[in-house]
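Engineer: got a predicted model here, sequence first, then my questions.
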Amino acid sequence: MYIRGHHYANNLGIAHHYRAGFTIVELLIVIVVIGILAAIVIVAYNGITTRAKAAQAISNAETVYKKAEAYYNDPTGGNGSYPLSVTAFKGLPANTLGALPSSIPIVTTDPVNSTDVWYIACLKDSTAIGFIVRYWDFTVNAARHYVGGSGAYGTPTGSANGKFQGVGCSADATGTSSD
């Protein structure tokens, strides 16, 4: 008769012993393999979330940029002017070309480690003649920007280390993000 983990004798009278469970070496090997697999999954997950946040921030900034240009070109909206402030941007009726979706997080300070977008209007004589849209690029951990209109200068994505380098409102325009 067989009972796991106990001695028994077969028909020839030879005693056999079957062990119960796993050895410590087998358990350690399984634990190490699980640990390695977990480390691989964690690293892959972090990379995926970083790329997803970067894509969301870029998408938000591009939406704000395109909506500001649409507002400028809309005869019932900006009529040759860009939105003067974040409040003006957000307060547009939904049927206006430059109206922002409510899901776009737009702020009045430089975005750092967020998918928020900073809209800065470049004003000349109380008219927005240009604008800057700032966002955080998670893939390089630096602030980036889009520039629109004649009252702003700079190269798109021409910023480094979160500093406002090589971008701004032209000499005859002043920047504002106030509400």
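Structural biologist: On my side now, so go ahead.

Engineer: what segments of the protein are helices?
Structural biologist: Here the chain has its helices, by DSSP state H, at 24-73, 86-90.

Engineer: those helices: which one's closest to W136?
Structural biologist: Counting by C-beta to C-beta, W136 lies closest to helix 24-73 out of the helices of the chain; the figure is 5.6 Å. No exception for glycine: its C-beta is placed from N, CA and C like everyone else's.

Engineer: other SSEs contacting that closest one?
Structural biologist: In terms of contacts (3 or more C-beta pairs under 8 Å, 6 or more residues apart in numbering; DSSP states H and E), helix 24-73 is packed against helix 86-90, strand 117-124, strand 127-137, strand 142-149.

Engineer: could you measure from the closest residue to I129 other than its chain neighbours over to I120?
Structural biologist: When the adjacent residues along the chain are set aside, I129 lies closest to G151, with 3.4 Å between them (C-beta to C-beta, 6 or more residues apart in numbering). For G151, the distance to I120 equals 10 Å [C-beta to C-beta, to the nearest Å].

Engineer: just N46 next, same as before
Structural biologist: From N46 across to I120, the span is 32 Å (C-beta to C-beta).

Engineer: please name the nearest non-neighbouring residue to the residue nearest to the spatial centre of the chain.
Structural biologist: Here the mean C-alpha position of the chain is nearest to the C-alpha of K53 (C-alpha atoms, centre = their mean), at a distance of 2.2 Å. Nearest residue to K53 in three dimensions, chain neighbours excluded: F138, at 4.6 Å (C-beta to C-beta, 6+ apart).

Engineer: understood, closing this out.
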